[in-house]
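**Student:** Below is the sequence, then the predicted model.
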Protein chains: 2
Amino acid sequence: MARNVQISFQPSGPTVTVPAGRTMLEAAISGGLQITAICGGRGTCHKCRVKAPGYPGPPRRAEREAFSPEELAEGWRLACLCKLHDDVQVEAVPAEDYAAKSFCQDDQPLIPLRPNVQRWNIELSPPVLADQRSDWQRLRDAIGAGGELRIGYRVLRAMSETLRRAGWRVSVTAIGDQVVEVEPMHLRPPLGVAVDIGTTSVVAMLVDLTTGKAATLGAHSNSQSAHGADVMARIDFSAAPGGTETLQREAAGDLLRIVHECCEQVSANLRDIYEVTVVANTTMAHLFLGLCPRYVGVSPFVGVTNGAFTVSAADLGLNLHPGAQVYVLPGVAGFVGADTIGVLLATGLHRISATVAAIDIGTNVEIVIAHGGRLLTCSAPAGPAFEGGEIRHGMRATAGAINTFVVDDNGMRYTTIGGVKPRGICGSALVDICAELYAYGLIHSGGRLLNAADLADAGHPDPLRLVERVADLPGGVRSFMVASGEESETGQPIHLTQLDIRKFQLAKAATLGGLQVLLSELGITAADLDELLIAGTFGSHIRVERALGAGLIPQIRPEKVRYVGNAALEGARMVLLNADCRQEAEELARRIEHVESAARADFQEIYVESLGFPAAELESGGVVPS
Amino acid sequence: MARNVQISFQPSGPTVTVPAGRTMLEAAISGGLQITAICGGRGTCHKCRVKAPGYPGPPRRAEREAFSPEELAEGWRLACLCKLHDDVQVEAVPAEDYAAKSFCQDDQPLIPLRPNVQRWNIELSPPVLADQRSDWQRLRDAIGAGGELRIGYRVLRAMSETLRRAGWRVSVTAIGDQVVEVEPMHLRPPLGVAVDIGTTSVVAMLVDLTTGKAATLGAHSNSQSAHGADVMARIDFSAAPGGTETLQREAAGDLLRIVHECCEQVSANLRDIYEVTVVANTTMAHLFLGLCPRYVGVSPFVGVTNGAFTVSAADLGLNLHPGAQVYVLPGVAGFVGADTIGVLLATGLHRISATVAAIDIGTNVEIVIAHGGRLLTCSAPAGPAFEGGEIRHGMRATAGAINTFVVDDNGMRYTTIGGVKPRGICGSALVDICAELYAYGLIHSGGRLLNAADLADAGHPDPLRLVERVADLPGGVRSFMVASGEESETGQPIHLTQLDIRKFQLAKAATLGGLQVLLSELGITAADLDELLIAGTFGSHIRVERALGAGLIPQIRPEKVRYVGNAALEGARMVLLNADCRQEAEELARRIEHVESAARADFQEIYVESLGFPAAELESGGVVPS
């Protein structure tokens, strides 16, 4: 008969009695206390920190790696390595610092943790003549989920041997109502992945589904970019023989690469990933699923499906847990995809009474607006300019990219990412340069880059003699020299060309014009906006004043503009942590009204108006550029 | 603009308007009239018969093959071959002669046709800018099943091209709420298969799921018999490495062989089979599913699962429609399997107030009894004797088998199947011979075969001098010569040995003993039975008087005994035709009480009592052999 020991978790945790020899982590879990232990108790992830100065014996090597000498002196240990031979008291378990947080509402910090993936660690009573329930019935009864739970065929085939080999102590994992794993009992938590597949970048987050904590985050450029920078190019490629299959493999490959790196960082296993939730624009969602988006690309722009879709991860070439599922959030219509629904979920726009717009800026721009109980959305192709694409010296926001640009009384200055010699211009500097040169008077409100003769004609002053940096490049393209050959990494000067300015204008017209279309549809103006949320990775790098100065957003008061980070990804994470969010997402997708800009009579006019730089200075109430 | 023509189906069918050029079959289907056409309108199955003397033009070759000259003169045609160019009147469509019939209740001839497999032939409106629903949304809306319908991943990937290639006219097939096929519109009906997997034989029925009609029936001996005649031998084999996989492949192979033959007979296609419903005993169900039944074979006799189970046909190696599903009816416990639930569904025992028992006689015997609102069941291993197995000159009931045996004042006589020279003894003759020799006095009530000396000791008369046919074979086994070497096909005499009689006694003790256990559990006797139903293929070949004479069933009045054929298979067919029967089956499985004979204190006594031949003559109230 095993001797029992008692462990109490202070200040507010349970007191648990377990057989001697169990670890603190096992005791914590059997007491219902959620301690993160991504590595499943192998001492490698260093997450299961507890303060137990009364625990005897010297720290083990993993503990000496995990803690500072001061922490070790205070009695910090890794719960997975400490076997219990006597009663002990744990004084502290770290606060749930990464706990599931709602995105916008800081007064409601936790979304209820109710993931679609469930795990039970249970011990069964073995069958006897007086209790002849079948193995599956016995397991189902022990789980207590009643007749609702089903079991996968592959799992059923191995189950009876597993139960007996494990001495009837097993870990059972279900996705929804389907049991997908029965294993000898262990402590590795089930994991999930939330992913945002953008036209240019893929971002994913690995999440511990028993605690709701984010384990780690990773990103990768979208490998499909080799077949074209924007969604139309991808759609063209997808329609060629084998095109969709190639793009699908690339999308799955990018995700796997990120997830693999995330797992390595926290000593987790791909096989412990049971669910992936996905946001993406319509085209990216089609391609990730291997659905050819060719009819999305031609009028009347219809997809294969816009609804939420669940598919086995294995069908998409993702070698996670063999029973793992992928849930793609529902899209809306046309080019407005699941990313917009993700933004809505995360920002809670559908639950407020104010008039608020959210713009998710990427290669494709999606806009959603809440006003008077209605939710409207549209999308517009900005092209890759904001991500440095199709700009002569454009580059992604990595080391060496010029990322800020300013003109003031002391002259013009720029900074680079990493503080190294400049190699090119990234999206945020593109906005800066256009805004600053326009404010200085070197760019005309129609977008033309002015040379010395133009300036003289217009009678503009040029106190800093910046016009000397304007010249025609070989081939006749007028350009502004941002950095000289002496300053640059390559020895070649870095220019912003007239064509680059045109690309910027087209991208900003998509953004601003899209918003104007929705405002017009509602019969209101930008001045009526209570708030303007800017989402997306690029969005968080631009500066409000420059976005206003360049006319990327309408002329409202800067304090009304707020960055909300990667809200689409946050939406995917919410769906991962709380299965009820799926129904909410699906209801939103049905409720939201999609405005097809091209179908509107006034679209051309709005679009052309949005191409120009803002004619008026910022006014207190905000004005629509006219 | 296509010209329209009108066709009216008399006497009670619809009048339908269709574009000229459509066939009568197409018109019938679009008018909601279910005409069987297994071959999908290729003129090969000869099922779509209609009487339309007004239809012009000479009969085509397929019609001349399908009808007699008299029928042709009366105006009989094949609806699939008759294109409509003018209005026409159909005078008769054959009665639904094979229509879904409830098994026992002749006053309720039809079970409502509500199969789990559904088919829609629909025409969609193509997308336009004012209607940008995705392809899947459009299809789902047209079907009108609302948000409940889901679509399989494989189908979704091909759907958009199919819709356009088919000009938006498609046939859609769903299993439950899952769309598994979208094809250009066609007329081949979806098919289903009901199957009874017995230890010795596999029987299957191909069914048209739009009309509920049975297309054809087939059978095959169970190939697993090579690894042992009874379930215990199969269980032993299954536990060896690769054993379960071998037996699974054999079970699937047997089913495929039958289904393939059935399809050939009616020019149907394996790909048109969408669902298979299965009844089987516990062991056979495990093996068909590839679940190792080793723990069914040892105390406390628990299976992997007894519940209803749905699995993809492809997972079982059945190359039917790629989305086809297999539904195995729920079993009860121990050796009492889905076949018993099938018998219950078909006989409706659970809905009556009388006291009725049903015995399904096979290598494994399952017994169920309804009394006072309770349902009790048990099983017993009869061994293969009833199917000619393990009997010295035993054989299956095929040509050359002695199938009846009688002793009367004129002497002894036998008949053979096919009227040819005898080759052996099948199960029904085994019962006959034992019953007749016991009645004549040549078998003692304990089962001993008497020789001349025994007869003299007992003072038995032997008017026909049958004792002269009793002799000790080489090796010392006492035997009765049923047919001489001159009479037999092989030139060798055909004997019933003392060991054969013992085998029969063991088999009958399982049957009778099992029933006695249930009667005892209920505190009643055989005299309380209002009816005794005998199910199973073997059951329908034995004669009531002989079954009573040999003590295979308790001594009740012969008119209380009724044959119900393969009731288990009928249960599988009901489940195939009406999805609601699944819930009924699952409720029955929960409700029925399983009696584990071996766990009862009085089982040994009952079993030993059941071994002997009936001590008393048949009495009016029925008596239990004592």
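**Tutor:** It's in. In this text, all values refer to a predicted model and were calculated from it rather than measured experimentally.

**Student:** need the contact list for A:N319.
**Tutor:** A:N319 makes contacts with A:L256, A:L270, A:A313, as judged by Cβ atoms under 8 Å, 6 or more residues apart in numbering or on different chains. Backbone N, C-alpha and C define where each C-beta goes, glycine included.

**Student:** Check the secondary structure at it for me.
**Tutor:** Secondary structure, DSSP: H, G, I helix; E, B strand; the rest coil: A:N319 is coil.

**Student:** Now the phi/psi pair for it, please.
**Tutor:** Main-chain dihedrals, A:N319, degrees, to the nearest 10: phi -90, psi 70.

**Student:** picking that back up, can you tell me which of the contacts of A:N319 comes closest to chain B?
**Tutor:** Chain B lies nearest to A:A313 out of those, by Cβ to the nearest Cβ, at 11.4 Å.

**Student:** Name the nearest residue to the closest one, sequence neighbours excluded.
**Tutor:** Leaving aside its sequence neighbours, A:A313 sits nearest to A:A324 (Cβ to Cβ, 6 or more residues apart in numbering or on different chains; 3.9 Å).

**Student:** so where is chain A shaky, pLDDT-wise?
**Tutor:** Scanning chain A for pLDDT under 70 picks out the ranges A:1-2, A:32, A:34, A:94-110, A:145-147, A:616-626.

**Student:** after the longest helix seen in it comes which helix or strand?
**Tutor:** In chain A, taking DSSP state H as the definition, the longest helix is helix A:498-522. Using DSSP states H and E, the next helix or strand after helix A:498-522 towards the C-terminus is strand A:531-535.

**Student:** ok so, going back, report the buried residues of the longest helix of chain A.
**Tutor:** Buried residues in helix A:498-522, counting neighbours by 16 or more other Cβ atoms under 10 Å in any protein chain shown, are found at A:498, A:500-501, A:503-522.

**Student:** ok now do the closest residue to chain B within the stretch 101-250 of chain A, which residues does it touch?
**Tutor:** Closest approach of the stretch 101-250 of chain A to chain B (Cβ to the nearest Cβ) occurs at A:W136, with a separation of 3.9 Å. By Cβ under 8 Å, 6+ apart, the contact list for A:W136 reads A:I151, A:L156, A:M159, B:V304, B:T305, B:G307.

**Student:** switch the cut-off to 10 Å
**Tutor:** A:149-151, A:155-156, A:159-160, A:163, A:179, A:182, B:291, B:302-307, B:309 (Cβ atoms under 10 Å, 6 or more residues apart in numbering or on different chains).

**Student:** Can you give me the neighbour number for A:A452?
**Tutor:** Neighbour count of A:A452, defined by other Cβ atoms under 10 Å in any protein chain shown: 13.

**Student:** what's the residue nearest to it when sequence neighbours are not counted sitting at in phi/psi?
**Tutor:** Closest residue in space to A:A452, ignoring its immediate chain neighbours: A:V467 at 5.0 Å, by Cβ to Cβ, 6+ apart. Backbone torsions of A:V467, given as degrees, to the nearest 10, read phi -60, psi -20.

**Student:** Ok, A:D602 next?
**Tutor:** phi -90, psi 10.

**Student:** For the closest residue to it other than its chain neighbours, give me its contacts.
**Tutor:** Leaving aside its sequence neighbours, A:D602 sits nearest to A:S520 (Cβ to Cβ, 6+ apart; 6.5 Å). Going by Cβ under 10 Å, 6+ apart, A:S520 touches A:V595, A:R600, A:D602, A:F603, A:E605, A:I606, A:V624.

**Student:** so which of those residues would you say is closest to B:A483?
**Tutor:** Distances from B:A483 to the contacts of A:S520, taken as Cβ to Cβ, are shortest for A:V595 (91.1 Å).

**Student:** circling back to that earlier point, among the contacts of A:W136, which are in strands?
**Tutor:** A:R150, A:I151, A:V179, A:V182, B:F309 (DSSP state E).

**Student:** ok, the second one to A:E468 distance?
**Tutor:** It stands for A:I151. 76 Å (Cβ to Cβ, to the nearest Å).

**Student:** And those two? Which one has more around it.
**Tutor:** A:I151 (23 against 10).

**Student:** State the distance from that one to A:V172.
**Tutor:** A:I151 is 9 Å from A:V172, by Cβ to Cβ.

**Student:** ok, now A:V155?
**Tutor:** In terms of Cβ to Cβ, A:V155 sits 9 Å off from A:V172.

**Student:** Name the residues contacting each of those two.
**Tutor:** A:V179, A:V180, A:E181, A:V182, A:E183.

**Student:** Columns neighbour count and distance to chain B on top of those residues, output as CSV?
**Tutor:** Converted to CSV, those look like this (neighbours: other Cβ atoms under 10 Å in any protein chain shown; distance: Cβ to the nearest Cβ, whole Å):
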residue, neighbour count, distance to chain B
A:V179, 25, 11
A:V180, 22, 15
A:E181, 25, 16
A:V182, 24, 11
A:E183, 14, 17
